[in-house]
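In: let me see the structure of the following:
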Amino acid sequence: NFTFYDPTTFNVVGTEIDTSNSNGAIVFNDAVTLSAATTLAAGSGAITFNSTVNGAQTLTLDSTGTTTIGGAMGGSTALTSLTTNASGGTSIGANITTTGAQDFNDAITLTGGVTLAAGAGTIDVTTIDGAQALILNTTGILTATGALGGSTALTSLTTNALGTTVLGGNVTTTGAQTYN
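Out: Below is the predicted model of the structure:
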């Protein structure tokens, strides 16, 4: 297990933290600043961000357990891209901003109102559930291959006006659905 309590900056080119052999958790309790492309691999262990993540870098999160995003990502300095693996699940409770692609290859559960903003990049999601408001902003292509609100209805869904939206499943909300 790796647990970081103080503000953390990764300064090594090609940074990778890999606990996949021991399936250990990777937990960040304070702000993280990325200064290089970063991959976190936890096997079946959890990956948890309890605070913010910033830095104009790519971030890859690889866990067959739960990945938790509890603080804003890219709030002050947008990430270049964000990718999660196809197994496990991702819990999101804060906004995520990238200048490029956001690829969520596993199921997403919302724990707070969330805006996913990818600039001109793509946003690719499988399923998203949670009784929360969801805003999806990209001038690129937004692709949802599965149901949005299929197990737990979203409270609302809003997309921006400049991109293209491709829906591969049903969308269920308890409130408004706005496709701009």
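
In: Leu154 contacts Ile135, doesn't it?
Out: No. Leu154 is beyond contact range of Ile135, at 10.5 Å (criterion: Cβ atoms under 8 Å). In short, each C-beta sits where N, CA and C put it, glycine included.

In: same drill for those two, tell me which one is more crowded.
Out: The residue with more neighbours, out of Leu154 and Ile135, is Leu154; 24 against 16, by other Cβ atoms under 10 Å.

In: burial count for the residue lying closest to that one once chain neighbours are set aside?
Out: The shortest distance from Leu154 to any non-neighbouring residue, by Cβ to Cβ, 6 or more residues apart in numbering, is to Thr173 (4.7 Å). Other residues within reach of Thr173, judged by other Cβ under 10 Å, total 18.

In: show the contacting residues for Thr173.
Out: 149, 153-157 (Cβ atoms under 8 Å, 6 or more residues apart in numbering).

In: which of those sits closest to Ile47?
Out: Leu154 (23.9 Å; Cβ to Cβ).

In: can you give me the pLDDT of the closest one?
Out: For Leu154, the pLDDT comes out at 98.

In: list the contacts for it?
Out: By Cβ under 8 Å, 6+ apart, the contact set of Leu154 is 110, 128-134, 148, 171-174.

In: neighbour-wise, which one of those residues leads?
Out: Counting neighbours by other Cβ under 10 Å, the top entry in the contacts of Leu154 is Ile128, with 29 neighbours.
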